[in-house]
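Student: next come a sequence and a model predicted from it.
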Amino acid sequence: EVQLVESGGGLVQPGASLKLSCVASGFTFSDYWMSWVRQTPGKTMEWIGDIKYDGSYTNYAPSLKNRFTISRDNAKSTLYLQMSNVRSEDTATYYCTRGDWFAYWGQGTLVTVSS
Amino acid sequence: DIQMTQSPASLSASLEEIVTITCQASQDIGNWLAWYQQKPGKSPQLLIYGATSLADGVPSRFSGSRSGTQYSLKISRLQVEDPGIYYCLQGYSAPYTFGAGTKLELK
């Protein structure tokens, strides 16, 4: 069974950094592109970016590429999202998804940016 | 960026009714379109990919179609488990973009 389990969310202050993780199981992690998607409290969905199966290439939403970095460790079947200089508008539930039409999603991890 | 204009924003329908949700792409995206259903407190679930292909395990009352740059999701006979928020997604070119969502409720 394919499983994606995110962690690392919580309450953070504006300007801080945060690193989210997503542990994958039930499939060969190194065979798939992976993405991060976020959903705001108002239910707007936003694609953050993705990473090639071997970690050699990344794509980002233009509005986020200067602050967010996606990486992966295939030996640990783990996807990461490094967030820096967070803002109140980054408050959202963050999901990792598998690259084949986003057929699989994690349960999400909530990030709240507030002082 | 490719814009996806989804309508309606909300919809109330009766059991067994036919429901149609549409997404208009701002440019040609071919068949690079997917539909997702999200129930309260849950993650999105893939319903349709490639504009018309049914994802594994999805009931056959769900179907997708395309006419030019307009895409539709049809629920042929609304069931009690179908309310939720429905989203379209264009996977043609990055940044991949979602529609704003359609909140479907039972009347």
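Tutor: Perfect, I can see it now.
Student: ok, the strand or helix carrying A:V111: who's next to it in the sheet?
Tutor: Secondary structure from DSSP states H and E places A:V111 in strand A:109-113. Sheet pairing for strand A:109-113, assigned by DSSP bridges, gives strand A:10-12 (parallel), strand A:92-98 (antiparallel).
Student: neighbouring contacts of the last one?
Tutor: So the one you mean is strand A:92-98. With contact meaning C-beta atoms under 8 Å, 6 or more residues apart in numbering or on different chains, strand A:92-98 is reached by A:2, A:4, A:6, A:9, A:20, A:22, A:24, A:27, A:32-41, A:46, A:48, A:79, A:81, A:103-106, A:108-111, B:43-44. (Each C-beta comes from the backbone N, C-alpha and C, glycine too.)
Student: ok, of these, which come out buried?
Tutor: Among these, those classed as buried by 16 or more other C-beta atoms under 10 Å in any protein chain shown are A:4, A:6, A:9, A:20, A:22, A:24, A:27, A:32-39, A:46, A:48, A:79, A:81, A:103-106, A:108-109, A:111, B:43-44.
Student: keep only those of those residues that are in strands.
Tutor: A:4, A:6, A:20, A:22, A:24, A:34-39, A:46, A:48, A:79, A:81, A:109, A:111 (DSSP state E).
Student: chain center to the strand holding A:V111, what's the gap?
Tutor: Between the centre of strand A:109-113 and the centre of its host chain there is 12 Å, according to C-alpha atoms, centre = their mean, to the nearest Å.
Student: state the mean pLDDT of it.
Tutor: Across strand A:109-113, pLDDT averages out at 98.
Student: contacting residues for the nearest residue to A:G99 once chain neighbours are set aside?
Tutor: Among residues not flanking A:G99 along the chain, A:W33 sits closest, at 3.2 Å (C-beta to C-beta, 6 or more residues apart in numbering or on different chains). Neighbouring residues of A:W33 by C-beta under 8 Å, 6+ apart: A:D50, A:I51, A:K52, A:Y53, A:R98, A:G99.
Student: I'd guessed B:G84 sits against B:G41; true?
Tutor: No. The pair B:G84 / B:G41 is not scored as a contact, 10.4 Å apart, by C-beta atoms under 8 Å.
Student: state the distance from the spatially most central residue of chain B to B:G84.
Tutor: Residue closest to the average C-alpha location in chain B (C-alpha atoms, centre = their mean): B:W35, at 3.8 Å. Distance, B:W35 to B:G84, by C-beta to C-beta, to the nearest Å: 12 Å.
Student: one more: B:N31?
Tutor: 24 Å.
Student: any idea which of the contacts of A:W33 has the most stuff around it?
Tutor: Greatest neighbour count in the contacts of A:W33, by other C-beta atoms under 10 Å in any protein chain shown, goes to A:I51: 24 neighbours.
Student: residues touching it, list them.
Tutor: Contacts of A:I51 (C-beta under 8 Å, 6+ apart): A:W33, A:M34, A:S35, A:Y57, A:T58, A:I70, A:S71, A:R72, A:L79.
Student: one more time with 10 Å, if that's ok
Tutor: A:32-36, A:57-60, A:69-72, A:79-81, A:99 (C-beta atoms under 10 Å, 6 or more residues apart in numbering or on different chains).
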